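Participant: Provide a 3D model corresponding to the input given below.
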Amino acid sequence: MGHSHAHNHSHRHGDIKGKNLLISILLNILITVAQVIGGIISGSLALLSDALHNFSDVLSLVISYIANILSKKAASTNKTFGYKRAEIIAAFINASTLVIVAILLIIEAIDRFTEPQEIASELVIWLSLLGIIANGISVLLLRKDSDSNMNMRSAYLHLLTDMLASVAVLIGGLMMKYFEVYWIDALLTVIIALYLIYVGYDLLKTSTRVLMLFTPTEIQVNDIVAKVCEIEGIKNMHHVHIWQLNEDEVHLEAHLDFENNINLSEFDEKLDAIEELLYHDFGINHVNIQPEYGKCDSKDLIVQD
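Facilitator: Purely as a prediction, here's the structure:
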């Protein structure tokens, strides 16, 4: 009940987004294979850690690609929301893999600190340059969509951190080549891993809030209730639930206690006013209101249903 003010992206935009993801997947497969082979030959843990991160990128990009396709599928009687949350789930999985991969890298790097190994630095330098170029292209492809879509942001962060990791590996390769400082390989691995945890945790927290149907952080329920109750004829607003379905949709459902026993046409006028208020002041674009008059139920703001 209530109007939808959501602004949907065009199919063409979605097709471009999917194509960019596919190109990024192919580039990352190339980098991963090259760095695994190079890491084994050179003995560089930083290069192997970068390859492992790239492999997680491939998996995350495939998940994002599938989620992007699913999110465009139409709703049905047994899937009334369609697959609109597929991209949120993808973001959650991708953020989780970032953190897990980072922890594994730190454990391996600690072992390397105790036993630094001689590394074929020239191979490390050339392969890190390959990683910088390929990931740089992918970052540019996904940058625009990352601002407005959590799924694309998770893929973008994977690629951005991997590009930065390749830069770190390049610096390490140069230091090993010219100064024979081999412990720098393990140090750079730890730095890369800590950065992965930093960016991964923030995305993990955001996607978890959406999946758990928490109220968006920028919305204050008490402010909404106070504003709605200023509308003439509304006595009380209770049983309030506010959640974010995906990037584009924020939903509100609530019970409204009216001062008078109004008819349906009068209620529709009040509903229009409420929808406009919620959309323009709070960004809520899906509203479901249950009207009440003299009903004996709990009038608490939040009720555990």
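
Participant: could you use CA atoms for every contact and neighbour count after this?
Facilitator: Will do.

Participant: how about Ile284, what does it touch?
Facilitator: Glu249, Val250, His251, Leu252, Leu278 (CA atoms under 8 Å, 6 or more residues apart in numbering).

Participant: quick check: the last one touching Asn285?
Facilitator: Going back to what we said before, that points to Leu278. Yes - contact criterion CA atoms under 8 Å: Leu278 and Asn285 qualify, at 7.4 Å.

Participant: report the central residue of the protein.
Facilitator: Most central in the chain under CA atoms, centre = their mean is Met150, positioned 3.4 Å from the mean C-alpha point.

Participant: how near is Trp183 to Leu45?
Facilitator: 10 Å (CA to CA, to the nearest Å).

Participant: so what's the nearest residue to Val303 once chain neighbours are set aside scoring on pLDDT?
Facilitator: Excluding the flanking residues, the one nearest Val303 by CA to CA, 6 or more residues apart in numbering is His239, at 5.3 Å. According to the prediction, His239 has pLDDT 94.

Participant: how far away is His239 from Leu264?
Facilitator: 21 Å.

Participant: of these two, who's got more company?
Facilitator: Per other CA atoms under 10 Å, whichever of His239 and Leu264 has more neighbours is His239, with 18 against 10.

Participant: so what's the more buried one up against?
Facilitator: Glu253, Ala254, His255, Lys299, Asp300, Leu301, Ile302, Val303 are the contacts of His239 under CA under 8 Å, 6+ apart.

Participant: you'd agree Ile132 is in a helix?
Facilitator: Yes - assessed by DSSP: H, G, I helix; E, B strand; the rest coil, Ile132 belongs to a helix.

Participant: what about it, neighbour count?
Facilitator: 23.

Participant: confidence score at it?
Facilitator: pLDDT, Ile132: 90.

Participant: next: the one 4 residues further on.
Facilitator: Here the pLDDT value assigned to Gly136 is 91.

Participant: my guess is it contacts Ala165. True?
Facilitator: No - counting by CA under 8 Å, Gly136 sits too far from Ala165 to count as a contact (11.6 Å).

Participant: re earlier: quick check: next helix or strand after the helix or strand in which the residue nearest to Val303 is found?
Facilitator: Per DSSP states H and E, His239 falls inside strand 234-244. The C-terminal neighbour of strand 234-244 among helices and strands, as given by DSSP H and E, is strand 250-258.

Participant: restrict that following strand to CA atoms and write it as PDB.
Facilitator: What follows is strand 250-258, C-alpha atoms only, in PDB (Å, rounded to 0.1, in the frame of the first residue of the first chain):
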ATOM      1  CA  VAL A 250      13.800   1.500   1.900                       C
ATOM      2  CA  HIS A 251      10.500   0.100   3.400                       C
ATOM      3  CA  LEU A 252       8.400   1.300   6.300                       C
ATOM      4  CA  GLU A 253       5.300  -0.400   7.700                       C
ATOM      5  CA  ALA A 254       3.400   0.900  10.700                       C
ATOM      6  CA  HIS A 255       0.000   1.100  12.500                       C
ATOM      7  CA  LEU A 256      -1.600   4.600  12.600                       C
ATOM      8  CA  ASP A 257      -4.200   5.400  15.300                       C
ATOM      9  CA  PHE A 258      -6.600   8.100  14.000                       C
END
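
Participant: what lines up beside that strand in the sheet?
Facilitator: Sheet pairing here is set by DSSP bridges, and for strand 250-258 it gives strand 234-244 (antiparallel), strand 286-292 (parallel).

Participant: with distance to Phe113 added, can I get those in CSV?
Facilitator: Listed next are these as CSV, based on distance: least, CA to CA, whole Å:
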stretch, distance to Phe113
strand 234-244, 45
strand 286-292, 55
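
Participant: more neighbours, Trp183 and Leu45?
Facilitator: Comparing Trp183 with Leu45 by other CA under 10 Å, the one with more neighbours is Leu45, at 22 against 18.

Participant: that one against Asp185, yeah?
Facilitator: Yes - Leu45 is in contact with Asp185 according to CA under 8 Å; the separation is 6.6 Å.

Participant: so what pLDDT did Tyr195 get?
Facilitator: 80.

Participant: quick one, what contacts it?
Facilitator: Thr161.

Participant: cool, and Arg143?
Facilitator: Tyr156.

Participant: please begin residue numbering at 50 from this point
Facilitator: Let's use 50 as the start, then, which means that last one is Arg192.
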